[in-house]
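**Student:** dropping a prediction and its sequence here:
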Amino acid sequence: MVPQRLSMAVMCVMSIWTIAAGCGERQEEIDGQCCDLCRPGTHRNGFCTKQQTDCKPCGEGYYSDNYNLLDRCEDCRSCQHDYVEKCTPTTNAKCSCRSGFLCSDNFCSKCEKNQCVKGEKLKKTESAVGHMLIQYSYACEPQPPNPMPNTNLDVKEDLCKTDKEGIDSINLTLGIGFVLTSLTLLVLLSYASMKKLRKHKEYNYPMEVLAVSTNANDFHLSKEESGRELMEDESKSNSLGILRL
């Protein structure tokens, strides 16, 4: 019995010391005792006993994004136009407005039409309304006219652009002229070479013919002379025969 009473006394002293010293991390004091916080996506279901908290998941259309001891989850945001992100048990929905409309606050829970027309500038004013809620208000102001362009600068830029284009055109023309001149000289040189070669062939051809014909005449004359010599030899032979008789 003594040890049991001693242990209970120790537990009471420890409990009193813990409450006096404060609850631990992710704990909160309820009815004189420290209770564990419920995780995001859940809420407290009943009361905590012996530092144990009964937590229950959030239902559809509700969420909790922090550790808590709430008895119910928070309502999901309803978007008037479009959803950037859907609501989940741990995150709230994120909204946006269609083109031509403006968000009424930082959560874009409502959308209002943009009343500004052409020539007006939209001005937005922010004001804190509640916890983490910033409300927007809009006004249309006349838009100042555009400053007059610097005509002198524009003229200088146009002149520089014109000069550059003129230089490029001159360079292109010179390049084309150089190519055409080179081709013309090449054609003339080729024509002159072919003409000179043709004349050289025409000059050598008659000389060869003449040489051949001359050799033929020589051959013919030599043949006649040979016949004449043969006749003279026969005459001489006949004369000698007569004399011998």
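**Tutor:** Good, I have the coordinates. Residues are numbered from 1 along each chain as shown.

**Student:** domain parsing of this protein, as residue ranges.
**Tutor:** 19-95, 97-145, 153-245 (automatic domain parsing).

**Student:** a strand runs through Tyr191, doesn't it?
**Tutor:** No. Assessed with DSSP: H, G, I helix; E, B strand; the rest coil, Tyr191 is helix; it does not lie in a strand.

**Student:** how about the helices of this structure, start to end?
**Tutor:** For the chain, applying DSSP state H gives helices covering 2-21, 151-244.

**Student:** hey, least reliable of those helices by pLDDT?
**Tutor:** Comparing mean pLDDT over the helices of the chain, the weakest stretch is helix 2-21, at a mean of 43.

**Student:** next, count neighbours for Leu122.
**Tutor:** Per other CB atoms under 10 Å, the neighbour tally for Leu122 reads 13. (Glycine included, C-beta is placed from N, CA and C.)

**Student:** please apply the same query to Glu60.
**Tutor:** Residues near Glu60, counting by other CB under 10 Å, number 7.

**Student:** rewinding a little: deepest in the core, which of the domains of the chain is it.
**Tutor:** Using mean count of other CB atoms under 10 Å, the stretch among these with the largest mean neighbour count is domain 19-95, at a mean of 15.

**Student:** and Thr91, what does it touch?
**Tutor:** 63, 65, 85 (CB atoms under 8 Å, 6 or more residues apart in numbering).

**Student:** ok, 10 Å please
**Tutor:** For Thr91, the contact set (CB atoms under 10 Å, 6 or more residues apart in numbering) comprises 40-41, 63-65, 76, 85.

**Student:** likewise Ala139?
**Tutor:** By CB under 10 Å, 6+ apart, Ala139 lies in contact with 115-116, 120-125.

**Student:** pull the most distant pair out of those residues.
**Tutor:** Glu120 and Thr125 (15.7 Å; CB to CB).

**Student:** so which of the contacts of Ala139 is the closest to Pro89?
**Tutor:** Pro89 lies nearest to Lys124 out of those, by CB to CB, at 33.3 Å.

**Student:** so what's Cys87 closest to, chain neighbours aside?
**Tutor:** Nearest non-adjacent residue to Cys87, counting by CB to CB, 6 or more residues apart in numbering: Cys76, 3.5 Å away.

**Student:** how close does that neighbour sit to Ala192?
**Tutor:** Distance of Cys76 to Ala192, computed by CB to CB, to the nearest Å: 97 Å.

**Student:** what sits against Met194?
**Tutor:** Counting by CB under 10 Å, 6+ apart, Met194 makes contact with nothing.

**Student:** for it, give its distance to Leu183.
**Tutor:** Distance, Met194 to Leu183, using CB to CB: 17 Å.

**Student:** equivalent analysis for Thr88, please.
**Tutor:** 78 Å.

**Student:** ok, now Glu112?
**Tutor:** The gap separating Glu112 from Leu183 is 75 Å, by CB to CB.

**Student:** quick one, what contacts Tyr138?
**Tutor:** If you count contacts by CB under 10 Å, 6+ apart, Tyr138 has them with 102-104, 112-116, 122-125.
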